[in-house]
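In: Fold the following.
(one chain, ligands or ions: 1)
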Amino acid sequence: MTDVTLITGDGIGPEIAEAARRCIDATGAGIKWELVEAGVDVMERLGTPLPDATVESIKKTGIALKAPITTPVGKGYRSINVHLRQTLDLYTCLRPSKSYKGVRSRYSGIDLVVVRENTEDLYAGIEFQKGKDDTAEIISWINKHSKRQIGDDAGISIKPISVKATERIVTYAFDYARKMGRKKVTSVHKANIMKFSDGLWLDVSREVAKQYPDIEFEDRIVDNMCMQLIQKPELYDVIVLPNLYGDIISDLCAGLVGGLGVAPGANIGEKMAIFEATHGSAPKYKGQNKVNPTALILSGVMMLRHMGKMAEAEKLEAAVASVIAEGKNVTYDMKADRDDPTAVGTSQMADAIIEKVKN
Ligand code: NAD
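Out: The predicted model follows:
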């Protein structure tokens, strides 16, 4: 048996966590789950949205499946999702986008993986507010040392891109491509404009690519990449990007294949990995056994592959694909008419998937 942490989350989290756990167990993957909590429900009981026991469990097992967690607006605590990524140094955000027959989309035949750097760039949180003393100090230093001048009414966000962080994410993308039998890595940037941050990213990408002669390498400027993905998504395979472009392009790619309901994801570091759906906790559907468990189940498929349990992963993905293709035992969001009375609930869709896994 392998120990895996299951973070049940809040809102729709517990329902989809239960559905995903049952589907994964049906593959015979031999997982011993450690159930832990995070989010607004546990906050009300224990006074913290992220109990120590939850973080300790992830550190111990090294692998977690996580249901969504609400980030209350203006209630005093930062996003637990961001906190977990930072404290556990989960430097890779992995987001596959794949077309499944039966999911409504303008496109078919898409099979892309976005590898997003998770720690640097404009998301590093290094920001200076308009009008503050620190900000004035920085503006004055820049105005002294740069040909371009900044007005004293500006706010500033810093964009660090380092050799170390770029090397490890691009290496991750190539290693992933090799492990998963993929053919090409595309590095995305805006090096023509931001020569010292994105330029560095591109130089490092090219250096890393030399160590992988078996994988094709190319680069794209981010604006062109957006157009290419809309016009010819089938040309792309693994796409590696700095944090901000990665955030935007991964949503674009989710849109290409039918949206959040089927978008799995993972945040991965050297020692630990957390697998989670891209969607949030949809609080208005809490406790209704209504929402689609597919994204978290497909995150479970990614987790099984990460653990080297390839046969179990294939079996589960094929079962999900088959249930979606049949279009019968699926939740309301997968029906042509959202009010279709034949739509099934979260746990019934999981039952249908388990039935396929077993046969
Ligand atoms: P959301 O993804 O929770 O919901 C938006 C809408 O998408 C829902 O109202 C619903 O119509 C639909 N939807 C989402 N998941 C679905 C599913 N599985 N099946 C069917 N329909 C589904 O986004 P939001 O409303 O912006 O965020 C709600 C909360 O979730 C916020 O507090 C946000 O911070 C949090 N959030 C958490 C995570 C995470 O835990 N990783 C990610 C995104 C948002």
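In: residue in the stretch 201-350 of the chain nearest to the ligand?
Out: The minimum distance from the stretch 201-350 of the chain to the ligand, using CB to the nearest ligand atom, falls at Gly280 (2.4 Å). Every residue, glycine included, has its C-beta placed from N, CA and C.
In: Ignoring the adjacent residues along the chain, who's closest to that residue?
Out: Excluding the flanking residues, the one nearest Gly280 by CB to CB, 6 or more residues apart in numbering is Pro68, at 4.9 Å.
In: quick revisit: that's a helix at the residue of the stretch 201-350 of the chain closest to the ligand, yeah?
Out: No. Assessed with DSSP: H, G, I helix; E, B strand; the rest coil, Gly280 is coil; it does not lie in a helix.
In: Could you shift the numbering so residue one becomes 813, and keep it that way?
Out: From this message on, residue numbering opens at 813, which makes the last subject Gly1092.
In: Assess the claim that it and Gly825 are in contact.
Out: No. Counting by CB atoms under 8 Å, Gly1092 stays clear of Gly825, with 9.5 Å between them.
In: which neighbours do these two share?
Out: Pro880 (CB atoms under 8 Å, 6 or more residues apart in numbering).
In: and Gly1070, helix, strand or coil?
Out: Here Gly1070 is recorded as coil under three-state DSSP.
In: wait, what's in contact with it?
Out: Counting by CB under 8 Å, 6+ apart, the residues that Gly1070 touches are 911-912, 915-917.
In: so which helix or strand takes in the spatially most central residue of the chain?
Out: Nearest residue to the geometric centre of the chain (CA atoms, centre = their mean): Gly1077, 3.4 Å. Assigned by DSSP states H and E, Gly1077 belongs to strand 1076-1080.
In: So which bits of stretch 824-844 are buried?
Out: 824-836, 838-839, 841, 843 (16 or more other CB atoms under 10 Å).
In: In helices, which of those fall?
Out: Among those, the residues falling in helices (DSSP state H) are 825-836, 838.
In: CA-only coordinates of stretch 1086-1096 in CSV, if you can.
Out: What follows is stretch 1086-1096 as a C-alpha-only set of coordinates in CSV (Å, rounded to 0.1, in the frame of the first residue of the first chain):
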residue,chain,number,x,y,z
ILE,A,1086,-0.4,18.0,-5.0
PHE,A,1087,-2.9,17.0,-7.6
GLU,A,1088,-6.1,19.1,-7.9
ALA,A,1089,-8.9,20.2,-10.3
THR,A,1090,-8.5,23.6,-11.8
HIS,A,1091,-12.0,24.7,-10.8
GLY,A,1092,-12.8,26.1,-7.4
SER,A,1093,-15.1,25.1,-4.5
ALA,A,1094,-18.4,26.3,-6.2
PRO,A,1095,-20.0,27.0,-2.8
LYS,A,1096,-23.5,27.4,-4.2
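In: For Glu846, report the pLDDT, please.
Out: Here the pLDDT value assigned to Glu846 is 97.
In: same question but for Pro861, I mixed them up
Out: Looking at Pro861, the pLDDT reads 89.
In: ok, back up a step: what about the residue nearest to Gly1092, which helix or strand?
Out: Going by DSSP H and E, Pro880 is not in any helix or strand.
In: got it, and Leu902?
Out: For Leu902, there is no host helix or strand (DSSP H and E).
In: so how far is Val852 from it?
Out: Per CB to CB, to the nearest Å, Leu902 is found 22 Å from Val852.
In: how much space between Ala1066 and Met1037?
Out: As judged by CB to CB, Ala1066 and Met1037 stand 15 Å apart.
In: Equivalent analysis for Gly1073, please.
Out: When distance is defined by CB to CB, Gly1073 is 25 Å away from Met1037.
In: do Ser969 as well
Out: Note on Ser969: its distance to Met1037, by CB to CB, is 22 Å.
In: Settle it for me: which of these two has more neighbours?
Out: Per other CB atoms under 10 Å, whichever of Ser969 and Met1037 has more neighbours is Met1037, with 22 against 12.
In: tell me what the lowest-mean-pLDDT helix or strand in the chain is packed against?
Out: The weakest-scoring helix or strand in the chain, judged by mean pLDDT, DSSP states H and E, is helix 892-899 (a mean of 85). When contacts are defined as 3 or more CB pairs under 8 Å, 6 or more residues apart in numbering; DSSP states H and E, helix 892-899 sits against helix 864-873.
In: if we go to 10 Å?
Out: Counting contacts by 3 or more CB pairs under 10 Å, 6 or more residues apart in numbering; DSSP states H and E, helix 892-899 packs against helix 864-873, strand 875-878, strand 1076-1080, strand 1085-1089.
In: Tabulate the ones you listed (a markdown table), appending distance to Lys1096.
Out: Putting the helices and strands packed on helix 892-899 into a markdown table (distance: least, CB to CB, whole Å) gives the following:
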| stretch | distance to Lys1096 |
| --- | --- |
| helix 864-873 | 25 |
| strand 875-878 | 21 |
| strand 1076-1080 | 22 |
| strand 1085-1089 | 17 |
